[in-house]
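Student: sequence below, structure please.
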Amino acid sequence: MTADQPAKRRSTRKPGASRGGTSRAASREPAASPPIARLPNSIAAAGVGIAALTIYLRWLPPGLTGKDAGDFATAVAVLGVPHPTGYPLYCLLGKLFAWAVPWGDLAHRLNLFSAVTAAAAACVLHLALTRLPLPVTLDPGANARLILAAAVALLVAFAPTIASQAIIPEAYPLLLLSAATLLWLCAGWGAATTPGSRQLRALAFLAGLGLTTHLTFALLLPAAAAYLLGIHPRAALDGVRGRSAGVLGLLFAAGLVPYLYLPARAFASPPLDWADARSVGALWRHVTGGAYQGNWQGPGVAALAQQLAHLREDLPLLLTVLPLLGVVALLLTGRHGRTLLLLLGGTVLTVAYFAQGYRVLDARYMLTGGFPAFAGLLFTGAAAVVAFAPRRARAAIALLLLAAPAYSLLTWGAKLDRSADDRTYRRIQEFMGALPDDSLVVTSGDFPIIPAWYLQQVEGVKPGVAFLHDSLPFRFPAFLRTLHRQRPDLVALPPPGTPPEQALPSLLRAIDANLARVPVFTTASTQGLSGMYQLDPVPIMEGSHLWRIRGRAQAVSATPIGQETPVPPSPQ
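Tutor: This next block holds a predicted model:
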């Protein structure tokens, strides 16, 4: 027997081989990289990205939106630091993108930045899915893989959890792009016969860089590491020995370099800086979200089921069985199938577990990093359906799945469309227009303070208006330092470092000391102030509330500061 005869025998084990002629050992091997020519696959991926971007542009808001949009936009404008965990890569790339795009105001440019990033994530996800090393028995063939990957990538792009964040200033699109890239690199490692050190180095750098997009990227790394070790243990262990380990550590550290943005900007004292990272402790507290640790409520079976249900709700009803079918298919296809399930299923469960324990209203968006892995399970289930279907029906099934994203658009498109949504901008314009430039506004919640930052720092509207929030300055001392610099004429302001339990006495002291000096206003829901002061309503846009504080209410005018009993706010 000649040396080339074994190679010839191995070459006959290809994905297109019939199942009847495939040995049990071969069925447990991962499929080789799918026989899709690079050019058609790249064209299909580009088509997915263009399709996603086209829809996002149709839904794009014209300007400023609510929630964190004003925070991110202001941070980009002044090169400041937004809320934890700081999102340095978003601030740097957002600034570069806003500089490069010559049309629209800053808020619109950052809306566009999110859309472009999310569309790029859809493109990379398509490439990752076509590269996914499915067991041979589940491989539906090259053309079907390409069609299924496009369908699944677009389903993710148009899922409400993803699409709602892809058209506003948010860090989640960057997280999605990082997670899709991680899946692409892991799929390449699994598909390679002998993976090399270059792939490990790319993964090490991405592991660090991904953390600078969103801290929940860390949740993806354990399953990824287990997959690398499980699918090619010798190559993985060789890659982390000796000098190679030092190189990987340096590349990981290089990915974390954007975090240096936080202390660098802290010493520049920008108008917006939640972190004030002048020390290692302050930097660590902000990067790890120390101020939000109270939101973690621990495990709960019902909450975990709810987060997994959110993933299901983002799919058309008829497709909800496919991820479960993907799990079963991988369980039944040998070691390589179960190792791939460890990557995909392990990632989904880890992210869902964290999201269920993080009890906040927008916890479902914490699932973003797990969507590429969820897409992998969906793709595997769809591939199994096509692979085991009669040959004549395979193309029809694949094309039917390709129509699923259109169903998603018909189902959720009207709710996701924000092309005419300018309510937040009109509300804050009218709110600021009702205030004298030297006002002191005592407030709570996201509105009006966060969108007001945007108007003041980006558009130069009423820059002298000072906001004293009933919570943020006492959890993030940098706000009080900024307030003291902004309005040195105000007296009795709380000093930086005032503990949260002293918030109410500090607010009342500041109000009483400045009533005779400057106009003082409140949103009246703040700490029950409506029962402590004489308030004159200011007529502004429906849905907003503003009162001018005239003096102490008679019932509490003689009560010493610090001994007040908060009175519930009057119905609004």
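
Student: CA atoms for contacts and neighbours, from now on please.
Tutor: Will do.

Student: okay, Gly242: pLDDT?
Tutor: Gly242 carries a pLDDT value of 82.

Student: tell me, how many residues neighbour Ala434?
Tutor: Residues lying near Ala434 (other CA atoms under 10 Å) number 13.

Student: what's near enough to touch it?
Tutor: Contacts for Ala434 were tallied using CA atoms under 8 Å, 6 or more residues apart in numbering; they are Val538, Ile540.

Student: any idea whether Pro195 is helix, strand or coil?
Tutor: The three-state label given to Pro195 by DSSP: H, G, I helix; E, B strand; the rest coil is coil.

Student: surely it is in contact with Ala235?
Tutor: Yes. In this structure, Pro195 is within contact of Ala235 by CA atoms under 8 Å, at 6.7 Å.

Student: show me which positions of stretch 362-379 end up buried.
Tutor: By neighbour count on 16 or more other CA atoms under 10 Å, the buried set for stretch 362-379 is 363-379.

Student: distance between the ends of that stretch?
Tutor: 27 Å (CA to CA, to the nearest Å).

Student: quick one, domains of the protein?
Tutor: Domain assignment for the chain by automatic domain parsing gives 34-416, 423-552.

Student: Tyr454 - how many residues pack around it?
Tutor: Look at Tyr454: counted by other CA under 10 Å, it has 25 neighbours.

Student: most packed of the domains of the chain?
Tutor: Most buried of the domains of the chain by mean neighbour count (mean count of other CA atoms under 10 Å) is domain 34-416; its value is a mean of 20.

Student: remind me which helix or strand Ala254 belongs to.
Tutor: Element membership of Ala254, judged by DSSP states H and E, is helix 243-255.

Student: and that helix, what does it pack against?
Tutor: Helices and strands touching helix 243-255, by 3 or more CA pairs under 8 Å, 6 or more residues apart in numbering; DSSP states H and E, are helix 197-211.

Student: what's next to the helix it packs on, contact-wise?
Tutor: By CA under 8 Å, 6+ apart, helix 197-211 touches 175, 178-179, 182, 185, 189, 217-218, 221, 236, 239, 247-249, 251-258.

Student: quick one: the helix or strand Ala75 falls within to chain centroid distance?
Tutor: In this assignment (DSSP H and E), Ala75 forms part of helix 69-78. Distance of helix 69-78 from the chain centroid (CA atoms, centre = their mean, to the nearest Å) equals 16 Å.

Student: and it, average pLDDT?
Tutor: On average, helix 69-78 scores 96.

Student: check which element follows the worst-scoring helix or strand of the chain on mean pLDDT along the chain.
Tutor: Taking mean pLDDT, DSSP states H and E as the measure, the chain has helix 24-27 as its least confident helix or strand, at a mean of 41. Downstream of helix 24-27, the first helix or strand assigned by DSSP H and E is helix 38-59.

Student: mind listing the strands for the chain?
Tutor: For the chain, strands defined by DSSP state E occupy the ranges 440-443, 466-469, 520-522, 533-537, 547-552.

Student: what angle sits between the longest one and strand 533-537?
Tutor: Orientation check (axes from the mean of the first three to the mean of the last three CA atoms, to 10 degrees): strand 547-552 against strand 533-537 gives 150 degrees.

Student: check contacts around Gly47.
Tutor: Cys123.

Student: recalculate using a threshold of 10 Å.
Tutor: Residues near Gly47 by CA atoms under 10 Å, 6 or more residues apart in numbering: Asn41, Leu53, Ala122, Cys123, His126, Ala150.

Student: next one: Leu185
Tutor: Ala128, Arg131, Leu132, Ala179, Ala191, Gln199, Leu200, Ala202, Leu203, Leu206, Ala224.

Student: looking at those, spot the one nearest Arg418.
Tutor: Nearest to Arg418 among the contacts of Leu185, counting by CA to CA, is Ala179 at 26.0 Å.

Student: surely Asp276 touches Phe267?
Tutor: Yes. Checked against CA atoms under 10 Å, the pair Asp276 and Phe267 is within contact range at 8.0 Å.

Student: below-threshold pLDDT in the stretch 151-300 of the chain: ranges please.
Tutor: 298-300 (pLDDT under 70).
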